[in-house]
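Chemist: A predicted structure for the sequence below; I have some questions about it.
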Amino acid sequence: QMQLVESGGGLVQAGASLRLSCAASGGTLSSFAMGWFRQAPGKGREFVAGINWSGASSVYGVPVKGRFTISRDNAKNTVYLQMNSLKPEDTAVYFCAADQQRFSKSSQYYDYWGQGTQVTVSS
């Protein structure tokens, strides 16, 4: 059973940057497409970014396109989310997830989830 652990969240001011990491254990990340999702209080889970198994293809949600970058290091079994120019509306719990079957923006297809890391952006 693969486990995912996110880290790197925190409290920052608007305009700052953060880099989230998602480390996997109990499995090989190179077999999975990976995604980052976020959930703000009172809202549903929102797709942020996804990357295919090799890292050659990535896709972003509209609110973060041009500011966030997803990447992966399969040798380290780790996926990253570089977040630049953060805005208060980026405040949420951020989750990484692994999808063994497909490369999707839909959370329903992801097989494994981390516990989340809080990102808070103050104005």
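Modeler: Yep, that arrived.
Chemist: Enumerate every residue touching the residue nearest the centre of the chain.
Modeler: Nearest to the geometric centre of the chain sits residue 36, at 2.4 Å (Cα atoms, centre = their mean). Under the criterion of Cβ atoms under 8 Å, 6 or more residues apart in numbering, the neighbours of residue 36 are 20, 22, 48, 49, 50, 70, 79, 81, 94, 95, 96, 97. Yep, even glycine has a C-beta here, placed from its N, CA and C like the rest.
Chemist: Next up, the contacts around residue 75.
Modeler: By Cβ under 8 Å, 6+ apart, the contact set of residue 75 is empty.
Chemist: where do the strands sit along the protein?
Modeler: Remark: strands assigned in the chain by DSSP state E are 3-7, 10-13, 18-25, 33-39, 45-51, 58-60, 68-73, 78-83, 92-99, 112-113, 117-122.
Chemist: Identify the residues contacting the shortest one?
Modeler: Read that as strand 112-113. Contacts with strand 112-113, where a contact means Cβ under 8 Å, 6+ apart, come from 2, 3, 4, 27, 32, 95, 96, 97, 98.
Chemist: before we move on, back to that, pLDDT score for the residue nearest to the centre of the chain?
Modeler: At residue 36 the predicted local distance difference test score is 98.
Chemist: For the nearest residue to it once chain neighbours are set aside, give me its contacts.
Modeler: Counting by Cβ to Cβ, 6 or more residues apart in numbering, residue 48 is the residue found nearest to residue 36 once chain neighbours are left out, at 4.2 Å. Contacts were defined as Cβ under 8 Å, 6+ apart; by that measure residue 48 touches 35, 36, 37, 38, 60, 61, 64, 68, 81, 94.
Chemist: Alright, that wraps it up for me.
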